[in-house]
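J.: Quick check, what structure comes out for this input:
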Amino acid sequence: MTRQRGGRLRRVDEAVKQVLSEEIPRLKDPRIGFVTVTGVQITQDLENADVWVSVYGTERQREGTLAALDRATGVLQAQLNRQLRLRRTPVLRFQYDAAVEQGVRMTQLIDDLAPPGEEAPGEDERHGDSGT
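T.: Next up, the predicted model:
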């Protein structure tokens, strides 16, 4: 499923991620909530870029944020062009990255399984050796 990306493409992916991470919070659209750019993958021909984002909030807020980001692609692509001066500015396609949400959910499930009053792992190790 995953294939190795060349060094240049990885650098372009990271540069695009950096610019978008800085520019998205500057957008004035009130529908855009707390967004984290979690990944970028640009096609070999630099035509398109899949941009994965994590959005804090409800499903409705997430949908509103993704719609606002889709409407702001022209502004964001112009910023990419100004800052990175690529031969070709990729068309941005925003995708929701559910990995962060799934990680939080897994942590909650694990916490729910722990018996009440049980010490966290590693707590008893600090008390065993007094160092004297």
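
J.: Touching, Ser21 and Thr38? I think so.
T.: No. Contact criterion Cβ atoms under 8 Å: Ser21 and Thr38 do not qualify, at 9.7 Å. C-beta coordinates here come from the backbone N, C-alpha and C atoms, glycine included.

J.: in this protein, which residue is closest to the centre?
T.: Thr38 (2.0 Å; Cα atoms, centre = their mean).

J.: what ranges do the strands span in the chain?
T.: Ranges of strands in the chain, per DSSP state E, are 35-42, 48-55, 91-96.

J.: which strands and helices sit next to the first one?
T.: If I follow you right, that is strand 35-42. helix 7-23, strand 48-55, helix 99-113 (3 or more Cβ pairs under 8 Å, 6 or more residues apart in numbering; DSSP states H and E).

J.: out of these, which comes closest to Gly33?
T.: The closest of these to Gly33 is strand 48-55. By Cβ to Cβ, the value is 5.9 Å.

J.: Which residues outside the closest one are in contact with it?
T.: With Cβ atoms under 8 Å, 6 or more residues apart in numbering as the test, strand 48-55 has contacts from 16-17, 20, 24, 33-43, 61-62, 65-66, 69, 90-97, 99-101.

J.: report the angle between the axes of it and strand 35-42?
T.: 160 degrees (axes from the mean of the first three to the mean of the last three Cα atoms, to 10 degrees).

J.: strand partners of strand 48-55, parallel vs antiparallel please.
T.: strand 35-42 (antiparallel), strand 91-96 (parallel) (DSSP bridges).

J.: Quick check: the residue nearest to the centre of the chain vs Val100, distance?
T.: Remark: distance between Thr38 and Val100 (Cβ to Cβ, to the nearest Å) = 7 Å.

J.: And Leu86, by the same measure?
T.: Taken as Cβ to Cβ, the span from Leu86 to Val100 is 28 Å.
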